[in-house]
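In: Structure for the following, please:
(chains A and B, ligands or ions: 4)
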There are 2 protein chains.
Amino acid sequence: GEQVYVGEYLVERLVQLGVTKMFGVPGDFNLGFLDFVEDHPKIDWVGNCNELNAGYAADGYARVKEGGLGVVTTTFGVGELSATNAIAGAFSEHVPVLHIVGAPSTSQQKNKPMLHHTLGDGRYDAYYRAAQQFVISAASLESKDTAAAEIDRVITECIVRARPVYLMVPTDLAYEKIPSYRLKTPINTEPPANDPDVEAFALDEIVKLIEQSKHETIILVDACAVRHGVKKEVAELVRRTGFPVYSAPMGKTSFDEQYERYGGIYVGSISHPEIKEKVESAKLILSIGALKSDFNTGNFTYHIPISRTIELHSDSLSVQFATFPGIGMKRLLPKLTARLQPFEPAAARIPVPKFELPVPTEQNEIISQAWLWPRVGQFFRPKDIIVAETGTSSFGVMEVPFPTGAVFVSQILWGSIGWTVGATLGAALAGVELGYKRTILFIGDGSIQLTVQELSVMIRSGLKPIIFLLNNNGYTIERYLHGMTRKYNDIADWKWTKLLDTLGGEEGKTCQSYRVGTKSELSKLLDDPAFAAADKIQLVELLMDPRDAPSALKRQAELSGKTNRYVAELPDAGRGEAV
Amino acid sequence: GEQVYVGEYLVERLVQLGVTKMFGVPGDFNLGFLDFVEDHPKIDWVGNCNELNAGYAADGYARVKEGGLGVVTTTFGVGELSATNAIAGAFSEHVPVLHIVGAPSTSQQKNKPMLHHTLGDGRYDAYYRAAQQFVISAASLESKDTAAAEIDRVITECIVRARPVYLMVPTDLAYEKIPSYRLKTPINTEPPANDPDVEAFALDEIVKLIEQSKHETIILVDACAVRHGVKKEVAELVRRTGFPVYSAPMGKTSFDEQYERYGGIYVGSISHPEIKEKVESAKLILSIGALKSDFNTGNFTYHIPISRTIELHSDSLSVQFATFPGIGMKRLLPKLTARLQPFEPAAARIPVPKFELPVPTEQNEIISQAWLWPRVGQFFRPKDIIVAETGTSSFGVMEVPFPTGAVFVSQILWGSIGWTVGATLGAALAGVELGYKRTILFIGDGSIQLTVQELSVMIRSGLKPIIFLLNNNGYTIERYLHGMTRKYNDIADWKWTKLLDTLGGEEGKTCQSYRVGTKSELSKLLDDPAFAAADKIQLVELLMDPRDAPSALKRQAELSGKTNRYVAELPDAGRGEAV
Ligand SMILES: Cc1ncc(C[n+]2csc(CCOP(=O)(O)OP(=O)(O)O)c2C)c(N)n1
Ligand SMILES: Cc1ncc(C[n+]2csc(CCOP(=O)(O)OP(=O)(O)O)c2C)c(N)n1
Ligand SMILES: [Mg+2]
Ligand SMILES: [Mg+2]
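Out: Ligands and ions are numbered 1, 2, ... in the order given. Now for the predicted structure:
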């Protein structure tokens, strides 16, 4: 029968799954494999500046291409280990990323010579072992007889469980020939079926509770609703029932924020008081895809009794105190929707606070955090991808209602700064493909320093994101947690408006940079149609006060301060003042 | 008795060991500990742009501060994992680096809430487990009763075994008080004693073999002679015996390259033919601190029979076919020297090829690889620190004889590109302290893109390295290995001469950049005393041919090509041409 090379098989599988971009950095153990990538007409190699950024890009790409996966290819040791943080982040945040690692040949792996990129002690399996901490599935290809099955296995797990997987491809194996017939059967990425008896039982329980609540149920959507692909199912449920909808920070834009019965972001005791009251007094809460991390729950301050909670997850369900392992929401939700009465007057009577954030009137020209976020909110358009970095940015943008169809991309559980630069690259590439209009990034001066070089890959790829760079002389979020005036929270000041030009753009032609220090300047820029059209990559440096922060961050910092113990009772009271 | 905080104890131990700089990035789990660092008058916090660069800097610092250690501090998960590659590299290349990780409090580690920077599944030990693959010793502080002993244990191992160690410090433990009396006893960093009977026996064997060789013995020095601190002992041995000395690439500058009986670099069949002949025909080879990796041995082409070899290592000895585990060279060498006759006429008669590299006469203005390296060799001065990145740079500079007291810094086994930017920062900071005159970096355009932001930390720290940036439109070393014209070997072109200014310098004042395309321009620059004085940070962009490479690299690529199997017999012959 027909034959393909193992490397070709892998690339073909990815193409079948809609992967159009592969991120990574070449190295002598993956060069041969990269030939297959470069030669395939349906996938592009996006050469990144470094592997961490490449991993971040694959993550951002996967988030926007819901239901698909992101792919990063690195080289043995030096390359793959540089991407560790990116892969661990994808694990933490439930993002399907395939990490392909070009490795020494099968015979080298057997004989273990002291090759470059090895630890020098013959432990060829050390990287694989370390990687296993951060993926749900891993394979080190060893023979052409099992290669195709192994490839299919890890890719399937990656998508079905929406988490990273690791695949080691020895140089020689990429060039072994295998039969191609398996390629005719597409990979099945459907989640496993639920046990019908358990599911039916659980459904009855849920419906009973909803009826008991007299349909005064609310829906709380979170990150995993997006990552495990039930946005549509949730929308259908809401349409049919009329239940009010709220979202957790990580679930922002999992539901249309312009929907009239969408109430905004619930984040425990940090929430807007009205939202807090409405959510916590609901008779029943249908929680979908929750990921209850500290920053996603106002430092664990949900005041919702379990007796009033139903939690739907990708692979389990809990109804009050009962748990049903293996009952996944993707298949449960449509059945639940079918069981519920069409739009109930009772549900319609539950008031939902309007989610809005008016621009405050401030009698000065300072670009304050309180003013900035609602003001840029007016700039957002449907089908914008809005990326926010950990720091004042992610806290600030959270409270802004997004237009219909806009997508929010952030990393609230993992919180690795610098991530958004790579993620913006990946998200923007996916965005172009899927018809998103603009990609807008908010990032602090501290965070961008970690991964700044990836701006050059955006330029090289012809992308046109708008980058708002909050220049506040350092790590403001950290200052609020500890050490307001400490030197370790200061950073070097760069000539931010020269960055794009230095990294390969042509200022005024292919890129444009702005330095903005007043409210009126910023308003003028935001209202400029040429700016809003985003027909070249643009960077806006915003001059801001190091001691200013969004109010949600201030509240979060107070709560964290209570649980962290940094400061001992020192005679010298000046040490490490917390704010 | 007197008490100190655990965090203070740790800082004090480092200061006792001569650590003057700590590298890293703050994060909320290490901020409290950083107060102790910032407040200590004898140690400076060097805030890096990101954690990988910080790890690289600690590595570079440790290499130059021979006998000491480098320290990098990061935060739980996101920070530490970003440094994985740097720590693994230090393991591979025998560099003593202490990795301090600020971690959640002991009670959080017990209760395992879903904190930011966690994997979301309660596995608080995952990072520690992954880290253990790349360090020789690790501790996760758990109680104030054992904290001091654990700190001492890992620091001792770090220095004695010259390899990285890992230390997790929970937020609360840093602020626990413990008795300070242990601080009065300095940490003992001497290597363990050799078994006297075995040592005496082995010494007799070695002396016998040297006598049998009629003192026609040569010495071959390698990386571990530097890392395990026997440079002085080797110099003493050579002075007394007059044996010719050669070095492996990784051992470059472990011995004065201007010494009249120093013969140059031996690298198997890639060596200069005269060197190869001399080394391989020697009657006996005393190999000191060998690390026989592929690139350090001309792809394993040593033609030296074991029967003519004595190998001294930090923790073992082999004499011909016999091995003596536990017999370390640091204590053996002085005894061996004492046993050998003073300068022997026989040894003096062994001819040693003069190690030199004349500047070739080329009838054009192109800055060729063949011309560049000997030409910059004339620019080197005693007490220069010369750093070379993996790529054409490390292969090229290898063949240049260095002045007395100059130090070579490179990563030939691990070979992680971008490493030199961080390493230069660390090396230059150590250099200033130890009275080195200049730090000179050679780096390719591809490599610098991985870690470019660390230039800004050099500027901010007031360092004045000279950076030669080889602009050859991409990954030339890779082109030689595979895919000469492949797109994946191309990179984005940056405005290199604007980098320093953009990243915080003031062009013409605190920094100076040059773009050089011809031999005469470069010669003029190198001969300019103002340039050579290096009184500000300088970057020289060298315009070079993507298809030009040092001859040693071409030979290495041929040898690697034989062992790597990238290319299948494809009908389409154009695919993946190797060169
Ligand atoms: C990789 C990584 N290193 C360190 C941290 C710790 N950290 C969290 S936020 C932050 C500062 C961010 O500063 P900036 O981007 O300037 O944000 P802003 O000033 O707007 O708060 C740091 C250092 C982290 N989260 N991730
Ligand atoms: C972290 C890491 N990623 C990838 C590689 C594979 N690699 C080795 S050399 C090289 C290219 C270096 O190019 P450049 O710095 O421009 O050097 P030159 O052109 O002078 O050879 C690459 C990508 C590596 N060694 N380390
Ligand atoms: Mg900032
Ligand atoms: Mg290059």
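In: List the contacts of the closest residue to ligand 1 within chain A.
Out: Relative to ligand 1, the nearest point of chain A is residue A:444 (2.2 Å; Cβ to the nearest ligand atom). The way it works is simple: take the backbone N, C-alpha and C, and place the C-beta from them, glycine included. By Cβ atoms under 8 Å, 6 or more residues apart in numbering or on different chains, the residues touching residue A:444 are A:389, A:391-393, A:417, A:469-470, A:472, A:475-477.
In: Among those, which one is most surrounded by other residues?
Out: Neighbour counts for these peak at residue A:389, which has 31 neighbours (criterion: other Cβ atoms under 10 Å in any protein chain shown).
In: List the residues that contact that residue.
Out: Residue A:389 sits in contact with A:410, A:417-420, A:441-444, A:447-448, where contact means Cβ under 8 Å, 6+ apart.
In: Next: residue A:102.
Out: Contacts of residue A:102 by Cβ under 8 Å, 6+ apart are A:27, A:29-33, A:73-76, A:79, A:169, A:171, A:174.
In: Could you rerun that using 6 Å?
Out: A:29-30, A:33, A:75, A:169 (Cβ atoms under 6 Å, 6 or more residues apart in numbering or on different chains).
In: Write the ChimeraX selection for whichever of those residues are buried.
Out: Here is the ChimeraX command that selects the buried residues among those (16 or more other Cβ atoms under 10 Å in any protein chain shown):
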select /A:29,30,33,75,169
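In: of all the contacts of residue A:102, which comes closest to residue A:521?
Out: residue A:75 (46.0 Å; Cβ to Cβ).
In: That closest one touches residue A:27, doesn't it?
Out: Yes - taking Cβ atoms under 6 Å as the definition, residue A:75 is a contact partner of residue A:27 at 2.4 Å.
In: roughly how far apart are the closest residue to residue A:543 other than its chain neighbours and residue A:502?
Out: Distances taken as Cβ to Cβ, 6 or more residues apart in numbering or on different chains put residue A:517 closest to residue A:543, at 4.2 Å, once the chain neighbours are dropped. When distance is defined by Cβ to Cβ, to the nearest Å, residue A:517 is 22 Å away from residue A:502.
In: Between these two, tell me which one has more neighbours.
Out: Neighbour totals were compared for residue A:517 and residue A:502, and residue A:502 leads with 23 against 14 (other Cβ under 10 Å).
In: ok so, going back, near ligand 1, list only the ones from the contacts of residue A:444.
Out: A:389, A:391-393, A:417, A:470, A:472, A:475-477 (Cβ under 6 Å from any ligand atom).
In: quick one: which two of those residues are the most distant?
Out: Among these, A:417 and A:472 lie farthest apart (Cβ to Cβ), at 13.9 Å.
In: Which positions in chain A make contact with ligand 3?
Out: A:444-446, A:472, A:476 (Cβ under 5 Å from the ion).
In: Does residue A:155 lie in a helix or a strand, and which?
Out: Residue A:155 is part of helix A:144-161 when elements are defined by DSSP states H and E.
In: so residue A:222 sits right up against residue A:251, yeah?
Out: Yes - the pair residue A:222 / residue A:251 is scored as a contact, 3.9 Å apart, by Cβ under 6 Å.
In: re the thing from before, gap between the residue nearest to residue A:543 and residue A:532?
Out: Taken as Cβ to Cβ, the span from residue A:517 to residue A:532 is 20 Å.
In: Nearest residue to residue A:553 in space, ignoring adjacent ones along the chain?
Out: Nearest non-adjacent residue to residue A:553 (Cβ to Cβ, 6+ apart): residue A:395, at 3.9 Å.
In: what about that neighbour, is that helix, strand or coil?
Out: Under DSSP: H, G, I helix; E, B strand; the rest coil, residue A:395 falls in the helix class.
In: Residue A:108 now?
Out: helix.
In: you'd agree residue A:130 is up against residue B:133?
Out: Yes - Residue A:130 is within contact range of residue B:133, at 4.6 Å (criterion: Cβ under 6 Å).
In: Between those two, point out the one with more neighbours.
Out: A count of neighbours by other Cβ under 10 Å puts residue A:130 above the other of residue A:130 and residue B:133, at 24 against 21.
In: List the residues that contact that one.
Out: Going by Cβ under 6 Å, 6+ apart, residue A:130 touches B:130, B:133.
In: Could you say which helix or strand holds it?
Out: Judged by DSSP H and E, residue A:130 forms part of helix A:126-132.
In: just to revisit the earlier point, between the residues of chain A next to ligand 3, which sits nearest chain B?
Out: residue A:446 (9.1 Å; Cβ to the nearest Cβ).
In: leaving aside the residues next to it on the chain, what's closest to the closest one?
Out: In space, residue A:446 is closest to residue A:475, 4.6 Å off (Cβ to Cβ, 6+ apart).
In: next one: phi and psi at the residue of chain A closest to ligand 1?
Out: phi -80, psi 160 (degrees, to the nearest 10).
In: The closest residue to it other than its chain neighbours: what's it in contact with?
Out: The spatially closest residue to residue A:444, leaving aside those adjacent along the chain, is residue A:391, at 4.1 Å (Cβ to Cβ, 6+ apart). Going by Cβ under 6 Å, 6+ apart, residue A:391 touches A:444, A:447, A:477.
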